[in-house]
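1. Below are the sequence and a predicted model for it; my questions follow.
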Amino acid sequence: MPPTRPPALRLLTGAAAGGLWSGVLDGGRVERLDPTGVTLQPDGAATVRYSATVAWADGRQTRESLVATTGNRIPGGATIVPATADGHRIRVGVWRWPHDPALPALAWASSGAAVAATLQRLGLATGPVRLRLRSYRPGRRAVVQVESSAGPFFLKVVRPAVLGRLAERHRVLAGAVPVPPVLAATEDGVLVLPGLPGEPMRPLLAGNGRGLPSPAELERLLDAFPAAAADLRAAGSRPPGDALARVPDHAAVLGAVAGELRPRLDALCAALAAADPGGHPAVPVHGDFYESQLLVEHGAVVGLLDVDTVGRGHRIDDWATLLGHVVLLEHILPEPATAVRYRRAVEDHALGRWPAAQVRPRVAAVLVGLATGPFRVQQADWPALTEGRVALAEEWAGAHRGAGRARGPAR
């Protein structure tokens, strides 16, 4: 493992990680531990989710999902294990799915019997349910899809402290844009949302594109955000969707896991720091506006998802986020022709509003953030895929002399 990686990351992704679990497995012994998701912070703190094979005293073997985290991401209630890596003393917080100490509702939200009982108590559905975990960010949030006699529901499991802020976003946006209404909220951190009509945009981009919304339709959606959305309090100090401001953090993470890219990342950071910021009014923005957040039907957007980041920002950043994701799809879809056409349409629309010197660096900044993805999800060929995404960012930033299409794979 490269010596440039932070000690916490080397510990949690190395052989010593298997010895962290006696305190949460009640006598179980980890026999195999495979990282399935790795999040690294710019300060070197790391969070790793594992798929584990555990042997128990009665002779059983089970598959378990385990989480270890360091630094300021350790939630209260986690089992703390002291460890050492390369002479550094490290506090590690560990837990076993679904007992995430930051998400106290996750244990019942991942149990079919408990979810069925909760939906019945809330007057939303009766009878048995089927559950599917759609996403899980340890210590941050999870989304569970529920199939019931009353139709689909989605349980958005968050930290109780942020539940009110998320519910307020849905309330402010309701009626103006097609966000799912909040059917119920529980004190321990769950929003119950209904399923929405429409089809996700990504399959359309991977297919023939029939039914994709035009850039004008997307502009209409963004224009419909109510003025009060700009007053919603953001989770951090940066404007939502401001990818340029996040480039140094993403570059630090990339440089820590792929040290050979550091000179190129330094040049990219310098180029993007010198980009024309423009003078952009503060308006309501989505903050994470891309194809997976949009449900469409016959060319109209009928569903807008994941409004956690809605707040006061710059409209150009919403368009750059969408454009950056579609640029990446051009390079990872088996049949990219539709994505190429759609990227050109979105790019033309953006360049009709703002100069290329402002749009292209923002797209490059989005691609720098997306370059962390292959390592984060532990793709087998993540080094080559990471390099390919950095090359795409260089191309859009104009930071690499003579860059054409990405030189490496970007999947």
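-> Done, it's in. Numbers count the residues shown, from 1 in each chain.
2. all contacts plus neighbour counts: C-alpha atoms, from now on.
-> Fine.
3. where do the helices sit along the stretch 251-400 of the chain?
-> 262-273, 315-332, 337-351, 356-370, 373-376, 382-397 (DSSP state H, counting those that start in this stretch).
4. what angle sits between the third one and helix 315-332?
-> On the basis of axes from the mean of the first three to the mean of the last three CA atoms, to 10 degrees, helix 337-351 is oriented at 160 degrees to helix 315-332.
5. Which residue is most remote from the mean position of this protein?
-> The outermost residue of the chain relative to its centre, with distances by CA atoms, centre = their mean, is Asp58 at 39.0 Å.
6. Now for it: which residues touch it?
-> With contact set as CA atoms under 8 Å, 6 or more residues apart in numbering, Asp58 has no partners.
7. Is it in a helix, a strand, or coil?
-> Here Asp58 is recorded as coil under DSSP: H, G, I helix; E, B strand; the rest coil.
8. what domains does the record give for the protein?
-> Taking automatic domain parsing as the reference, the chain has its domains at 7-95, 106-194, 199-397.
9. Off-centre distance for the longest one?
-> Meaning domain 199-397. In terms of CA atoms, centre = their mean, to the nearest Å, the centre of domain 199-397 is found 12 Å from the chain centre.
10. ends of that domain, how far apart?
-> Terminal residues of domain 199-397 lie 33 Å apart, using CA to CA, to the nearest Å.
11. what does the second one give?
-> One end of domain 106-194 sits 18 Å from the other (CA to CA).
12. same check, this time on the first one
-> The first and final residues of domain 7-95 sit 20 Å from each other (CA to CA).
13. Then stretch 174-194?
-> Stretch 174-194 has an end-to-end distance of 13 Å (CA to CA).
14. Pull up the per-residue confidence for the residue farthest from the centre of the chain.
-> Per-residue pLDDT puts Asp58 at 91.
15. Is it correct that Val346 is in contact with Ala216?
-> No - using CA atoms under 8 Å, Val346 makes no contact with Ala216, being 9.3 Å away.
16. follow-up on the earlier one: and of the helices of the stretch 251-400 of the chain, who's closest to Arg238?
-> Ranking the helices of the stretch 251-400 of the chain by their distance to Arg238 (criterion: CA to CA) puts helix 315-332 first, at 12.3 Å.
17. That closest one versus helix 382-397: what angle between them?
-> Interaxial angle, helix 315-332 versus helix 382-397 (the same axes, to 10 degrees): 130 degrees.
18. Okay, buried residues for helix 315-332 please.
-> For helix 315-332, the neighbour count (16 or more other CA atoms under 10 Å) marks 315-331 as buried.
19. What of stretch 30-46?
-> Per 16+ other CA under 10 Å, stretch 30-46 contains these buried residues: 30, 33-42, 44-46.
20. Now do the longest strand belonging to the chain, average pLDDT.
-> For the chain, the longest strand by residue count, based on DSSP state E, is strand 29-40. Strand 29-40 carries an average pLDDT of 95.
21. So what are the sheet partners of it and their directions?
-> Sheet neighbours of strand 29-40, with direction, are listed as strand 46-55 (antiparallel) (DSSP bridges).
22. which residues touch the strand it pairs with?
-> Identification of contacts with strand 46-55 by CA under 8 Å, 6+ apart yields 8-9, 12-13, 28-40, 61-71, 73, 138.
23. looking just at contacts, which helices and strands does whichever helix or strand comes after it meet?
-> Following strand 46-55 in sequence order, the next helix or strand is strand 61-70 (DSSP states H and E). The helices and strands touching strand 61-70, judged by 3 or more CA pairs under 8 Å, 6 or more residues apart in numbering; DSSP states H and E, are strand 46-55, strand 88-96.
24. go with 10 Å
-> helix 7-12, strand 29-40, strand 46-55, strand 79-85, strand 88-96 (3 or more CA pairs under 10 Å, 6 or more residues apart in numbering; DSSP states H and E).
25. For stretch 287-301, buried residues please.
-> For stretch 287-301, by 16+ other CA under 10 Å, it's 287-297, 300-301.
26. Nearest to Arg134 among those residues?
-> Ser292 (12.6 Å).
27. Enumerate every residue touching Pro160.
-> Shown in contact with Pro160 (CA atoms under 10 Å, 6 or more residues apart in numbering): Ala102, Leu103, Pro104, Ala105, Thr186, Glu187, Asp188, Gly189, Val190.
28. what helix or strand does the first one sit in?
-> Ala102 belongs to no helix or strand when assigned by DSSP H and E.
29. residues in contact with the most centrally placed residue in the chain?
-> The centroid of the chain falls nearest to Arg137 when counting by CA atoms, centre = their mean (8.0 Å). Arg137 is in contact with Gly37, Thr39, Thr47, Arg49, Val143, Val158, counting by CA under 10 Å, 6+ apart.
30. The fifth one: neighbouring residues, count only.
-> Using other CA atoms under 10 Å, the number of residues around Val143 comes to 21.
31. List the residues that contact it.
-> 106, 109-110, 132-137, 154-158, 190-191.
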